[in-house]
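> I'll drop the sequence and a predicted model, then ask my questions.
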Amino acid sequence: MKKGLALVLGTAVISGVSIFLNKFGIQGLDPAVFTTSKNVLVALFLIATILAMKEWKTLKELKKKEWGQLALIGLIGGSIPFLLFFTGLSMTTAAQAGFLHKTLFIWVGILAALTLKEKISRNMVIGGVLLLLGNLFLLKITGFVFGVGDILILAATLLWAVEITLSRHVLKSIDKLPGRVVAFGRMGFGALFLLLYLAITQKITLIGGLGSSFVWVIITSVFLYGYVFTFYEGLKLVPASTATAVLLLGTVITTLLNLLWNGTIVWQQVLGSVLLIGGAVTFTGIRMWLPAPQKASQ
């Protein structure tokens, strides 16, 4: 359990840095082209990892039903929601989009309780409230007007919630299946679906015209690889609701980096960070964050 928590905490750190870097890399680029290019590279990184760890046999032993599950994970996790999210982001404010996306842990918690029989405790409810309040302060939302863009963002978030719940089910049901194989399903099939979308919209040739921007694609792809690798390895060991709650700590990392970059500190951001940390600890349980007790020597 603690190993899984450490992995997902690593995912949160990677996510926080990645979001900070992505805002520089995506400037002037078509979001769909940028996302597809990253997903293709990450899929290749994951294939190389599976080959390096001599786990190709694991893929060969997967049944048709299991390949179908990986393809579905790629469709509802690695392709459609990205298109919905970036389209919605162009139609609403970044703060509202960020807040809606950060409700992911709520939908995962509900779905996991209904389908995976994960329990919702009082601490999870209290922690969830603190997490939402923390995001409100960090994102500084003063007025929320729900529009078409917000609907698209929420739809993407719900799809990601279904995908994470399905991924947890697959990891639990298939004996000794590494998390990186599910990550490959998400990114590999997701990349194929995104390439198909670019071909249909006649944007696929734009990949070849990235030029010097391809450096940013490589940099952000490395972070995305680290994100999916650590998250799905951790998801195999911890409940889906816990994994997504810990991910919210990435917002604290992004905020700290923005503070260092801009050189200004806003009290709402400090309070929001404290609430997020407190919410994550409460949600997952304080004992999960404490070192294991040492056994007395005989």
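Yep, that arrived. These numbers come from a predicted model, not from an experiment.
> For the lowest-mean-pLDDT helix or strand in the chain, which helices and strands make contact with it?
Within the chain, no helix or strand scores below helix 250-262, which has a mean of 76 by mean pLDDT, DSSP states H and E. The helices and strands touching helix 250-262, judged by 3 or more Cβ pairs under 8 Å, 6 or more residues apart in numbering; DSSP states H and E, are helix 2-25, helix 122-139, helix 267-284. Yep, even glycine has a C-beta here, placed from its N, CA and C like the rest.
> buried ones in it?
If you call a residue buried by 16 or more other Cβ atoms under 10 Å, then helix 250-262 has these buried ones: 250-256, 258.
> so what's the backbone phi/psi at residue 102?
Dihedral pair for residue 102: phi -70, psi 0, per degrees, to the nearest 10.
> residues in contact with it?
Taking Cβ atoms under 8 Å, 6 or more residues apart in numbering, we find residue 102 in contact with 131-132, 135, 139, 248, 251.
> How about residue 4?
Contacts of residue 4 by Cβ under 8 Å, 6+ apart are 233-238, 243.
> As TSV, those residues with neighbour count and secondary structure would be great.
Converted to TSV, the contacts of residue 4 look like this (neighbours: other Cβ atoms under 10 Å; DSSP: H, G, I helix; E, B strand; the rest coil):
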residue	neighbour count	secondary structure
233	21	helix
234	23	helix
235	26	helix
236	21	coil
237	18	coil
238	23	coil
243	29	helix
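> What separation do you get for residue 95 and residue 138?
9 Å (Cβ to Cβ, to the nearest Å).
> In the stretch 101-250 of the chain, where is pLDDT below threshold?
141-144 (pLDDT under 70).
> returning to that earlier point: I'd like to know which of the helices and strands packed on helix 250-262 is closest to residue 209.
When the helices and strands packed on helix 250-262 are compared by Cβ to Cβ, helix 2-25 sits nearest residue 209, at 15.7 Å.
> quick one: contacts for the nearest residue to residue 169 once chain neighbours are set aside?
Of all residues not flanking residue 169 in the chain, residue 116 sits nearest, at 6.3 Å (Cβ to Cβ, 6 or more residues apart in numbering). Residues near residue 116 by Cβ under 8 Å, 6+ apart: 165, 168-169, 172, 239-240.
> who touches residue 50 in this structure?
For residue 50, the contacting residues are 56, 58-59, 180-181, 184, by Cβ under 8 Å, 6+ apart.
> sorry, back to before: out of the contacts of residue 116, which are inside strands?
Among those, no member is found in strands (DSSP state E).
> Now list the buried members of those.
Buried among the contacts of residue 116 by 16+ other Cβ under 10 Å: 165, 168-169, 239-240.
> farthest pair in the residues you listed?
Maximum distance among the buried ones among the contacts of residue 116 (Cβ to Cβ): 11.8 Å, for 169 and 239.
> need the strands for the stretch 51-200 of the chain, in chain order.
Ranges of strands within the stretch 51-200 of the chain: none, based on DSSP state E, counting those that start in this stretch.
> Spell out the residue ranges of the helices in it.
56-60, 64-77, 80-89, 94-101, 104-115, 122-139, 148-173, 179-200 (DSSP state H, counting those that start in this stretch).
> what distance separates the third one from the centre of its chain?
So the one you mean is helix 80-89. Computed by Cα atoms, centre = their mean, to the nearest Å, the chain-centroid distance of helix 80-89 equals 14 Å.
> Remind me what it packs against, helices and strands.
helix 31-52, helix 94-101, helix 148-173, helix 179-200.
> cool, and the fifth one?
Identification of packing neighbours for helix 104-115 by 3+ Cβ pairs under 8 Å, 6+ apart yields helix 122-139, helix 148-173, helix 240-247.
> possible to save those as TSV with distance to residue 274?
Below are the helices and strands packed on helix 104-115 laid out as TSV (distance: least, Cβ to Cβ, whole Å):
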stretch	distance to residue 274
helix 122-139	8
helix 148-173	25
helix 240-247	16
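> deepest of these, which one?
helix 240-247 (a mean of 27; mean count of other Cβ atoms under 10 Å).
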